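# Give me a 3D structure for the following:
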Amino acid sequence: MKVLCFILAILGASTAFEGCTIRYGRRGCHHRTLTGVLVTCDGQGEEKDFPHNLPQDTVYMSLINFRLGRLTREDFLPFTTIECLTIENSGVTGIDEDAFADMHDLHEIVLSQTQLHNGDLSFVGHPGFKADVLAVTRSNALKLIDVNATKTLHQIKTLDLKGNRIESISTSLFPELRNIQELDLSANRLTSLQWEHLHEMPKLNKLFLESNRFQTIPESMFSVFFAVKELSLANNPLHCNCKLKWLKEFYDVAIDKTLDITSVTCASPTSFAMSSANEGDFKCLHPSKPKIVWTELPDGRFEVNCSSHADPAPTLRFVFPDGRVIITPPSDDLSKLNSTTPQMITTDGTVICTSINSEGAEFTSEYLGDPVSSTNSSPKHQLSPILFTTSLVTMATICHCLIRSLYTN
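Predicted coordinates:
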């Protein structure tokens, strides 16, 4: 009976696009094995029309090398029995929100080498979207993942976003991936994630983060990493100071997992392989004493800045004679350990620069102007000994509070 149905399907598809191969058989997808009508079509880089005249009981469809443009609901209307759909290198420029709404048996969809942009994944939020495996890969225009979806994301078990140019993922995505088992974000341009939301994925057992731009990962990820069976972190420019010592400890005890530790390296502050590192290699540095550099200008004012070195790079707090306070945060690039304030213009008087990181604080004060003339003229901006001492006590208190607020985690 199945053979007869297949023959009738072939006869009904006699006008099908000639680049398609149609057969009845058995084939595997990502999470399942299919038996039924299998269709593979090659557009040879020229075909613009969607191949509609195909067996309507198709369970597997693969389209490669087409020039399809935008995918619509009408394209897939005849194919309600498709369970696995792959579209690769076929010039897909957009997808209507309801494109897959009638594909009630759709479980897996793979879209590779597309021209999709930010916002073109809105189809995931349509209530008719039934797939539990979604792969959107190797699409160079895809830089932001912003999906406004709730219940439809609950069904996703595998999300594969590797090989795009993703720089950011919306905060609304991760909390809805409650049943995710495999998450692949490899080969993108991510510098950070909403790491805390990974704790809300109790079924996650495969996590692929290699070939991104992560410099650090919070220690709170120890339990998440320990829960998965497979983890990849290679080819990230990791900054291996004391904040990342926990990762070395994780690799030392996670001997029952599939890991890529032999390919994981530290890029800064010194370069070494994670597999051969010792815990003593993961160090942080107390801030150096801030250096204040100033120059007197022709109008009698002063150009001044401050710098300090530490690991993690310090935050600088610069107090000027007129009461201004300038806060200079460290660079987003963790490998840059020196922090420098902008060049500032001020009048004569005492300036105080404080350098703060998780390891402690240092400060320097300096009087701008001629110390000799200041003794005779008593400039209005010179701090009195009592006020100066009070300032130092205040600065120590501020440093303590800032350290606690900045590094409580």
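# where along the stretch 51-200 of the chain do the strands fall?
Under the criterion DSSP state E, counting those that start in this stretch, the stretch 51-200 of the chain contains strands at 58-64, 69-71, 84-88, 92-95, 108-112, 133-137, 144-145, 158-160, 168-169, 182-184.
# Tell me how the chain divides into domains.
2-281, 291-406 (automatic domain parsing).
# in stretch 92-103, what counts as buried?
V92, G94, I95, D96, E97, D98, A99, F100, A101, M103 (16 or more other C-beta atoms under 10 Å). Where C-beta positions appear, they are placed from N, C-alpha and C, glycine not excepted.
# make that stretch 20-35, sorry
For stretch 20-35, the neighbour count (16+ other C-beta under 10 Å) marks C20, I22, Y24, R27, C29, L34 as buried.
# Just the ones in strands from these, please.
Among the buried residues of stretch 20-35, the members falling in strands are C20, I22, Y24, R27, L34 (criterion: DSSP state E).
# I'd like to know which of the strands of the stretch 51-200 of the chain lies nearest to E219.
Of all the strands of the stretch 51-200 of the chain, it is strand 182-184 that lies closest to E219, at 20.1 Å by C-beta to C-beta.
# wait, L185 sits on N212?
Yes: L185 sits in contact with N212 when judged by C-beta atoms under 8 Å, with a separation of 7.0 Å.
# Comparing the domains of the chain, which yields the minimum mean pLDDT?
Of all the domains of the chain, domain 291-406 carries the lowest average pLDDT, namely a mean of 80.
# which helices and strands sit right next to the strand or helix carrying T354?
In this structure, T354 sits in strand 349-357 according to DSSP states H and E. In terms of contacts (3 or more C-beta pairs under 8 Å, 6 or more residues apart in numbering; DSSP states H and E), strand 349-357 is packed against strand 291-296, strand 302-309, strand 315-319, strand 360-368, helix 385-406.
# switch the cut-off to 7 Å
strand 302-309, strand 315-319, strand 360-368, helix 385-406 (3 or more C-beta pairs under 7 Å, 6 or more residues apart in numbering; DSSP states H and E).
# Partner strands of that strand, with direction?
Taking DSSP bridges as the criterion, strand 349-357 forms sheet pairs with strand 315-319 (antiparallel), strand 360-368 (antiparallel).
# Just the buried residues of the longest one, please?
Neighbour-count burial for strand 360-368 flags G360, A361, E362, F363, T364, S365, Y367, L368 (criterion: 16+ other C-beta under 10 Å).
# Of the residues you listed, which is the nearest to V325?
For the buried residues of strand 360-368, the nearest to V325 is F363 (13.1 Å; C-beta to C-beta).
# any idea how far M274 is from the closest one?
Relative to M274, F363 is positioned 36 Å away (criterion: C-beta to C-beta, to the nearest Å).
# for M221, same thing?
15 Å.
# Same drill for those two, tell me which one is more crowded.
A direct count of neighbours by other C-beta atoms under 10 Å for M221 and M274 places M274 higher, at 22 against 19.
# Quick check, the more buried one in contact with K248.
Yes: using C-beta atoms under 7 Å, M274 is in contact with K248, at 6.5 Å.
# do you know how far the residue nearest the centre of the chain is from L161?
Nearest to the geometric centre of the chain sits L190, at 3.1 Å (C-alpha atoms, centre = their mean). Relative to L161, L190 is positioned 10 Å away (C-beta to C-beta).
# what do you get for A135?
8 Å.
# In terms of neighbours, single out the busier of these two.
Taking neighbours as other C-beta under 10 Å, A135 and L161 compare with L161 leading, 23 against 20.
# and that one, what is it in contact with?
Applying C-beta atoms under 7 Å, 6 or more residues apart in numbering to L161 gives the contacts V136, T137, I145, D184, L185.
# go again using 8 Å as the cut-off
Neighbour list for L161: A135, V136, T137, L142, I145, D184, L185, N188 [criterion: C-beta atoms under 8 Å, 6 or more residues apart in numbering].
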